[in-house]
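> Provided below are the primary sequence and the corresponding predicted coordinates.
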Amino acid sequence: MRAIRFEATGGPEVLQVVEIDTPAPRPGQVLVRHKAIGLNFIDTYHRSGLYPVKLPCIPGGEAAGEVEAVGEGVSRFKVGDRVAYAGGFGAYGEANAVPEARLVRVPDSLGTDVAAAALLKGMTVEFLLRRTYPVKAGETILVHAAAGGVGQIMVQWAKALGAEVIATVGTQEKAARALELGADHAIILGQQDVAEEVRRITGGTGVPVAYDSVGKATFEGTLKSVARRGLIVSFGNASGPPDPVPPGRLSQAGSLYLTRPTLFDYIATPEELDATAEALWDVMLSGAVKVQVGQTFPLAEARKAHEALESRSTIGATLLIP
């Protein structure tokens, strides 16, 4: 089968198209024949070396397709089941052998392309909005990168929870998209001062929670946007990791809280994974959250896909198609 692999970390140019043997599922594993592969910013962190990985590496942790074979002891899935998974490695290929405990069923009424575009990002939004900080109706929240794959889902889901959403984006086009999705306010990074705008919108108090996946470029503005005893949720480094924050700085800014959560601590068991995925499928099937596949690339053009993602020229989710 064809796959994308890198043997050294670096820029998108290290991604190579290779021919490898299709893996055979070991005990407890399921062989998934991919229909669509989700592209996520964490893939670029693995490729660049920001998050160290064992080399050589076939990147990618999100895909959807059909069960082609099952290993010994597998009981939750059978050949022909429509499934999706998030986490691990090996998704940048035509197939992948995945532990049974990482798979979820895809509802019959949901396309595999949408499932691949939504699962990792949507489960991330679920734990951020419902468990890291349970957003309540009437609260005003700050969402960075609101036109990105995670951001678009977060804006819609937060509105379904009854929140007022302040969105930040990189361009006027992306601002229009965020507002179209339901954001109440859109701030264009580089053209407007985020903290000033947030304080103006909130009557000077700031927001009780800010969700920051951008990192270095936005963190200072995020810190200045949060209300007294509020929470900064730093969950990504699209512009690079934020500078270190002395604990005293959080005190000076209003006794703030800072957390750096990861999805996999919230889906640590099959039961947690199933519950999280079900919450996502439910909100999507209700129509409250619509997932936009903004662009697709053939699997062989993974390098171009990474270049587009890192240049912040993508809107919504990006898929690789085997």
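Received, thanks.

> which residues are in contact with stretch 69-79?
24-31, 67-68, 83, 97, 100, 103, 105, 270 (CB atoms under 8 Å, 6 or more residues apart in numbering). (Each C-beta comes from the backbone N, C-alpha and C, glycine too.)

> so which of those is the most crowded?
Val30 (26 neighbours; other CB atoms under 10 Å).

> Could I get the average pLDDT for stretch 170-189?
When pLDDT is averaged over stretch 170-189, the result is 96.

> Repeat that for stretch 224-231.
98.

> Check the residue nearest to Glu19 when sequence neighbours are not counted and give its pLDDT.
Of all residues not flanking Glu19 in the chain, Arg2 sits nearest, at 6.1 Å (CB to CB, 6 or more residues apart in numbering). pLDDT, Arg2: 98.

> quick one: contacts for Arg2?
17-19, 93-94, 299-300, 322.

> That one and His34, how far apart?
Using CB to CB, to the nearest Å, we find Arg2 at a distance of 11 Å from His34.

> which residues do those two both contact?
Common neighbours of Arg2 and His34 (CB under 8 Å, 6+ apart) are 93-94, 322.

> Now render these as a markdown table, adding distance to Gly204.
Shown next, in a markdown table, are the shared contacts of Arg2 and His34 (distance: CB to CB, whole Å):
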| residue | distance to Gly204 |
| --- | --- |
| Gly93 | 52 |
| Glu94 | 55 |
| Pro322 | 52 |
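
> Quick one: buried ones out of those residues?
For those, a burial check counting by 16 or more other CB atoms under 10 Å picks out 93-94, 322.

> Redo those residues as CSV? Include secondary structure and distance to Arg200.
Formatted as CSV, those follow (DSSP: H, G, I helix; E, B strand; the rest coil; distance: CB to CB, whole Å):
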residue, secondary structure, distance to Arg200
Gly93, strand, 49
Glu94, coil, 51
Pro322, coil, 48
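
> just curious, which of the residues you listed is nearest to Ile166?
Within those, the smallest distance to Ile166 is 38.5 Å, found for Pro322 (CB to CB).

> In this structure the closest one contacts Val32, no?
No - counting by CB atoms under 8 Å, Pro322 does not reach Val32; the two are 11.1 Å apart.

> All the helices of the stretch 151-300 of the chain, in order from the start?
Using DSSP state H, counting those that start in this stretch, the helices assigned to the stretch 151-300 of the chain run over residues 172-180, 194-201, 219-223, 247-252, 270-285.

> so of those, which one's packed in deepest?
Stretch with highest mean neighbour count among the helices of the stretch 151-300 of the chain: helix 219-223 (a mean of 22; mean count of other CB atoms under 10 Å).

> Domain ranges for the chain, per the record?
Domain ranges of the chain: 2-119+267-321, 137-260, per automatic domain parsing.

> Just put the ones you listed in TSV and tack on distance to Arg130.
Formatted as TSV, the domains of the chain follow (distance: least, CB to CB, whole Å):
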stretch	distance to Arg130
domain 2-119+267-321	7
domain 137-260	8
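
> Out of these, flag the one nearest Arg131.
With CB to CB as the criterion, Arg131 lies closest to domain 2-119+267-321 of the domains of the chain, at 9.0 Å.

> Relative to the whole chain's centre, how far out is the closest one?
Averaging C-alpha positions (CA atoms, centre = their mean, to the nearest Å) puts domain 2-119+267-321 12 Å from its chain's average.

> Span of it from start to end?
12 Å (CA to CA, to the nearest Å).

> Same question for stretch 172-189.
Length of stretch 172-189, first residue to last, CA to CA: 10 Å.

> Please confirm that Ser75 is located within a strand.
No - Ser75 is assigned coil when assessed by DSSP: H, G, I helix; E, B strand; the rest coil, not a strand.

> Distance check, it against Gly49.
To Gly49, Ser75 is 38 Å away according to CB to CB.

> higher neighbour count, the two?
A count of neighbours by other CB under 10 Å puts Gly49 above the other of Ser75 and Gly49, at 14 against 8.

> Contact partners for the residue nearest to the spatial centre of the chain?
Centroid-nearest residue in the chain: Lys121, 3.2 Å away (criterion: CA atoms, centre = their mean). Contacts for Lys121 (CB under 8 Å, 6+ apart) come out as 38, 40, 149-150, 153, 291, 317.

> just curious, which of the residues you listed is nearest to Arg249?
The closest of those, once distances to Arg249 are taken by CB to CB, is Val150, at 26.2 Å.

> And that closest one, which helix or strand is it part of?
Using DSSP states H and E, the element containing Val150 is helix 149-160.
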